[in-house]
Structure formats: structure tokens, C-alpha cells
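Novice: take a look and give me a structure for this.
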Amino acid sequence: MYTRVVRARNKDGSVRSYLQLVRGYRKDGKVRQELICSIGRLDILQRSGGLDRLIASLARHSERRWVEAEAGGLMSWDRVYGPVLVFRRLWEDMGLAKLLGELQRGTEVQFSLDEAAFAMVLHRLLDPGSKRATYHWLKRVCRPEFESLELQHLYRALDHLVRGKERIEEALFARNRDLFSLAVDLILFDTTLVHFEGQGPEGLAVFGRPGNYPDCVKVLVGLVMTRDGFPVAHHVFPGNTADISAFRSALKDLKERFYLRRVIVVADRGVVSEELIEELGKGPEAVDYILGMRLRKNKEVRDIVLSRAGRYHKVADNLWVKEVWVGNRRYIVCYNEEEGERDRQRRQEIIERVRKDLEEKGPQAFVIPRGLKRFVALRGGELALKEDVIREEARYDGKWVLRTSTELPAAEVAQAYKGLWQIEHAFRELKSGLEIRPVFLRTEDHVRGHMVICFLALVLEVALARQLKAQGSSGSYREVLADLEQMRAVRFEARGKAWLWRTELPGMAYDAFRAVGLRPPPRVQPLT
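Specialist: The predicted model follows:
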């Protein structure tokens with residue numbers, strides 16, 4: 001049964017609306033309606049409050065509706081709910097629940113490895129912290145399966161995740177390649193240093209390049225992604241490992257495990273050397289590459305490539321390219337006009353500051369800051385600006401140079417290299433939103449297991465972001481997640497029963513459910 005509104009027109013043209021109770025039924029294959037009763041004039045019922053009283057009276061005869069009506073003001077117990085449902089659906093769609101169940105078979109593990117891993121990944125995504133913080137946070141999450149987890153289970157799960165790392169990555173790659181039609185002709189690689197609070201595991205956590213946190217031991221994390229930003233694999237090295245050594249190891253692993261027919265490796269200038277370029281093009285397993293080159297330190301790039309005349313061609317907004325050949329070596333010179341202007345302005349600000357300090361303090365009192373040394377020289381006991389160096393620096397404004405073994409058009413080469421921003425963004429997410437650092441763990445297996453958790457969290461984030469985009473959501477991943485986190489589960493007692501009441505789906509929270517193909521749960525449901 002349902003209500004309907006019937007309208008009648010008065011002689012003076014005004015309209016009266018009547019509320020009726022109607023029953024629908026099917027007869028001879030056609031839907032028909034039967035009037036049960038006329039409730040009365042709608043405007044009178046609304047003004048007098050009669051409609052509200054009628055609804056309240058009817059609700060008493062529907063247990064679920066009564067609970068929903070009465071539950072709104074009861075917030076004595078609430079837990080995280082929306083993200084649990086959405087990320088669990090993604091977790092299962094990617095086959096992770098099944099895979100972790102298979103990894104557990106044949107072991108003596110008595111707890112659920114699947115639930116322990118999912119719990120830690122969920123914590124990475126929503127409220128990252130230490131494993132002890134994870135354990136306490138789980139008590140604020142609405143997922144009954146988490147209730148049996150103990151703190152020791154989380155640590156023990158890390159050990160098993162390390163042993164299953166390669167199998168997990170390979171299974172995810174195979175499944176997501178079909179699910180998302182991943183573009184795997186281009187492989188992006190980059191590294192980042194992760195520091196520890198404390199000593200960290202001996203041999204893995206070591207003092208490496210200074211960078212940030214010079215007094216902390218570190219590990220080097222390498223991340224491999226497809227050109228469209230989907231994580232493929234990750235690697236953990238001692239903190240003093242050179243980027244080029246990490247790159248070689250990741251490339252060897254990529255060839256052996258993922259059986260890719262044709263790969264073009266894209267990497268930043270930090271890992272590039274002539275030795276590596278020769279290695280990439282050697283033998284039957286040669287790999288095509290697009291590599292960023294050092295502008296100032298590479299003699300061929302500095303003296304020949306950047307000096308070669310030629311016409312730039314516009315290939316995108318703020319992106320111009322030209323091709324330069326030196327012997328059989330192909331280079332693509334890229335230029336961003338806006339970035340060039342920013343470089344010029346930054347250099348001009350530095351020069352003006354040096355000039356001002358020299359005038360105000362005098363050469364004797366002027367201390368050359370580290371970042372300005374290349375612009376200032378001591379000549380005959382006097383400090384002066386190096387005008388020749390300033391002119392030389394102007395050659396590099398807004399430019400970067402790529403070397404490639406491919407036959408791709410110059411525009412595609414430049415755009416492929418720009419895809420590295422995705423992996424840089426992924427590292428920013430790992431180090432900020434997902435809080436890959438600092439690391440508080442002490443054993444090597446626990447550290448490596450922690451990195452597996454961070455990797456899986458990144459996979460889920462990227463997967464949800466892609467599916468939101470595919471569904472045409474107007475919000476970003478972060479915006480949708482913020483709304484989704486507002487959906488809470490409230491438990492309370494009513495009529496001698498325990499009930500679960502979910503709050504409303506605010507803003508774009510529904511987009512997340514739609515993206516993973518999941519219907520939101522009913523507003524009220526009994527707890528058994």
C-alpha cells in the first residue's frame with residue numbers, strides 16, 4: 001500500500017489536494033489501484049499536525065520504522081562504518097581476501113590473516129599510526145570480524161605478508177590488468193627515503209644520504225607503477241643504496257616476474273648513467289627507455305644538445321618540444337614557458353638579495369649562503385656576482401632533456417615522462433596521507449611487512465579513485481572519502497533488542513558505494 005495525492009479544482013480556480021491510501025494489485029496482467037480510504041485535505045492535515053500524529057501512530061505498528069524514527073537522537077555508541085564497507089568490497093573484488101586465505105593454509109596461524117591485513121590497510125587509509133595505535137583504533141570500527149584480533153596478530157601478520165609479497169603483487173597485477181585495462185607498455189620508477197624513529201633493523205635501516213632527517217637511519221623504497229598510475233610492485237633497500245642500484249634491481253625483478261612483452265621504462269635523472277643506458281640496450285632482453293638527463297652535469301647535454309638550433313613544436317598547454325640527434329642518440333628537449341618564467345624570477349630574487357646584502361653589509365661581513373655560492377666569487381679580495389654563471393643558468397629555465405631509445409613521436413615521449421608526476425604524487429600520499437614514515441618497527445620482516453601494508457593501501461586508494469572517475473563523480477578521492485567517513489554506525493537497545501542504525505550519507509558519500517557496485521545498508525537493522 002501507498003499514499004497518493006488527488007487534486008480537485010474549485011469554481012474560483014483554486015485547487016484542493018486530498019491524501020488517499022491506495023492498494024496496488026495486478027489483474028489480467030495489468031496494474032490496478034484500489035482506494036482503501038481518503039485520509040483528508042492535505043493542507044489541513046499539515047497545518048493541524050494531524051499528518052505527523054498519523055505517521056507516528058502508524059510507526060508504532062512497524063517495528064523497523066519505529067526504531068528508525070526513535071533512533072535519531074541516540075548517539076551513545078558510534079563507530080566508523082562507511083569506509084569499512086566500501087574498502088572491504090574493493091578488497092574482495094581484487095581477490096585479496098581469497099589470496100590471503102590461501103597464504104594462510106598450511107600454516108599454524110590461528111587468527112584470520114585476511115582480517116588482520118585488511119585492518120592494518122584500513123588504518124593506513126583512514127587514521128595512520130603505529131601498530132599499537134591500529135589495535136586501539138579497531139575498537140572504534142564497525143566490523144565484527146575485527147573483535148577477535150589481538151595486537152600480537154597484527155605483528156605476526158606482517159611476517160606472513162613479507163613471505164607472500166611477490167605472490168600478492170603478481171596476483172594483483174594480473175587481476176587489475178584485466179579489471180582496469182592497465183596501460184603496461186610504460187613502466188614508471190622512482191625512489192624515496194623513509195626514516196625511522198629509533199634504531200630500526202640492523203643492516204636495513206642505515207645512515208644514507210643526508211636529505212631531511214640527517215640524524216635518523218633510513219631505508220630506500222622504490223615504487224614501480226604503470227603509466228596510468230597503478231602500483232605494480234615495490235622494493236625496500238638499505239638507506240645507503242644508490243638510486244641506480246635500486247633501479248637495476250627493480251628492472252631485473254620486473255623482467256623476471258611480470259612477463260611483459262614490451263616495456264618502456266621511464267625514470268628520472270637521479271638513476272641515469274651511461275653504464276645504465278648501455279645495460280638497458282644490451283642483449284636479447286634489451287629494454288626501451290625514456291630517461292631524464294642531468295642538464296648541467298652531462299657534458300653532451302650541456303654543450304651539444306641544449307646548444308643545437310632547432311624549432312620547438314607545441315604539443316600541449318605549456319609544453320613545447322624539439323628533437324635533437326647526436327650520432328645515434330636521440331634526445332627530446334622540452335620547454336615549459338610558465339616554469340621558465342618561475343625559474344627566471346627565482347634566480348632574479350636571489351641575485352637581488354645578494355646585491356642588497358653586498359651593499360648593506362659590505363664584502364667583509366657578507367657570508368655566502370650555501371645556495372648562492374655558484375653566483376658569487378671572491379676576486380682580488382672583493383666579492384662579486386658571477387655574471388657569466390648567471391647567463392649560463394638562463395639557458396636552463398623551464399627546460400628538461402630526455403634521452404630515449406624508442407621511435408615514439410616526440411610529443412608522446414614528453415607526455416610519458418610527465419607521467420612521473422603520478423608516482424611522485426603516490427609517494428607524497430604514502431608519506432603524508434598514508435603515513436609511510438616515520439617507521440616505529442624494529443625487525444626487518446616487520447619493516448618489510450609494513451611496506452606491504454602501505455603498498456596495498458595505495459592500491460586500494462588508486463582503485464577507488466579510478467572507479468570514482470569512471471562513474472563520473474564530481475568529487476576527488478579525498479573529497480569523497482571525507483564525506484564517506486561521516487557515515488557512522490550507531491548501536492542501541494530498543495524494545496528488548498539490539499539495533500544498528502546508520503547515519504545519513506552526506507555529500508558525495510553515495511558516489512563511493514556506486515563506484516564499487518555496492519548498495520548502502522538499510523538505515524536500521526537488527527543485531528543478532
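Novice: looking at this structure, which helix is longest?
Specialist: helix 337-365 (DSSP state H).
Novice: in the stretch 151-300 of the chain, which ranges drop under the pLDDT threshold?
Specialist: 179-185, 197-199, 208-214, 260-262, 283-285 (pLDDT under 70).
Novice: which residue ranges make up each domain of this protein?
Specialist: 2-61, 338-394 (automatic domain parsing).
Novice: end to end on the last one, go ahead and measure it.
Specialist: Read it as domain 338-394. 14 Å (C-alpha to C-alpha, to the nearest Å).
Novice: which parts of the stretch 51-200 of the chain are helices?
Specialist: 63-71, 82-93, 96-104, 113-126, 131-137, 151-163, 165-180 (DSSP state H, counting those that start in this stretch).
Novice: need these in JSON lines (columns: mean neighbour count and distance to K322).
Specialist: C-beta: built from backbone N, CA, C; applies to glycine. JSON lines is the format used below for the helices of the stretch 51-200 of the chain (neighbours: other C-beta atoms under 10 Å; distance: least, C-beta to C-beta, whole Å):
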{"stretch": "helix 63-71", "mean neighbour count": "17", "distance to K322": "66"}
{"stretch": "helix 82-93", "mean neighbour count": "20", "distance to K322": "44"}
{"stretch": "helix 96-104", "mean neighbour count": "18", "distance to K322": "46"}
{"stretch": "helix 113-126", "mean neighbour count": "24", "distance to K322": "43"}
{"stretch": "helix 131-137", "mean neighbour count": "17", "distance to K322": "52"}
{"stretch": "helix 151-163", "mean neighbour count": "19", "distance to K322": "47"}
{"stretch": "helix 165-180", "mean neighbour count": "17", "distance to K322": "34"}
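Novice: dump those to TSV, plus distance to V321.
Specialist: Compiled in TSV, the helices of the stretch 51-200 of the chain are given as follows (distance: least, C-beta to C-beta, whole Å):
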stretch	distance to V321
helix 63-71	61
helix 82-93	38
helix 96-104	41
helix 113-126	38
helix 131-137	47
helix 151-163	43
helix 165-180	29
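Novice: which among the ones you listed is found nearest to D483?
Specialist: helix 82-93 (8.3 Å; C-beta to C-beta).
Novice: gap between the closest one and the chain center?
Specialist: 16 Å (C-alpha atoms, centre = their mean, to the nearest Å).
Novice: ranked by average pLDDT, which of the domains of the chain falls at the bottom?
Specialist: The weakest mean pLDDT among the domains of the chain belongs to domain 338-394, with a mean of 73.
Novice: closest one to R523 among the domains of the chain?
Specialist: domain 2-61 (13.2 Å).
Novice: of all the domains of the chain, which one is nearest D78?
Specialist: domain 2-61 (22.9 Å).
Novice: helix, strand or coil for S474?
Specialist: coil (DSSP: H, G, I helix; E, B strand; the rest coil).
Novice: neighbours of the residue nearest to it when sequence neighbours are not counted, how many?
Specialist: Nearest in space to S474, with sequence neighbours left out and distances taken as C-beta to C-beta, 6 or more residues apart in numbering, is M508 at 7.0 Å. Close neighbours of M508, defined as other C-beta atoms under 10 Å, add up to 19.
Novice: coming back round to it: now mean neighbour count too, for the domains of the chain, in CSV please.
Specialist: Written out in CSV, the entries for those read as follows (neighbours: other C-beta atoms under 10 Å):
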stretch, mean neighbour count
domain 2-61, 11
domain 338-394, 13
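Novice: kindly reformat those domains as a markdown table containing distance to L319.
Specialist: Formatted as a markdown table, these follow (distance: least, C-beta to C-beta, whole Å):
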| stretch | distance to L319 |
| --- | --- |
| domain 2-61 | 59 |
| domain 338-394 | 10 |
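Novice: is it true that D511 touches K469?
Specialist: No: here D511 lies out of contact with K469, judged by C-beta atoms under 8 Å, at a distance of 10.4 Å.
Novice: neighbour count winner among those two?
Specialist: D511 (22 against 12).
Novice: packing partners for the helix or strand hosting the more buried one?
Specialist: Following DSSP states H and E, one finds D511 within helix 509-515. Applying 3 or more C-beta pairs under 8 Å, 6 or more residues apart in numbering; DSSP states H and E, one finds that helix 509-515 contacts helix 82-93, helix 444-470, helix 477-484.
Novice: for R140, find the nearest of those.
Specialist: Nearest of the helices and strands packed on helix 509-515 (C-beta to C-beta): helix 82-93, 10.8 Å.
Novice: chain center to stretch 15-31: distance?
Specialist: So, by C-alpha atoms, centre = their mean, the centroid of stretch 15-31 is 51 Å from its chain's centroid.
Novice: please tell me how far H234 sits from A498.
Specialist: 43 Å (C-beta to C-beta, to the nearest Å).
Novice: which of the two has more neighbours?
Specialist: H234 (21 against 11).
Novice: identify the residues contacting R257.
Specialist: 166, 169-170, 233 (C-beta atoms under 8 Å, 6 or more residues apart in numbering).
Novice: specify which member of those residues is nearest to W77.
Specialist: Using C-beta to C-beta, those come closest to W77 at E169, 39.2 Å.
Novice: contacts only, for the closest one.
Specialist: 232-234, 257, 455.
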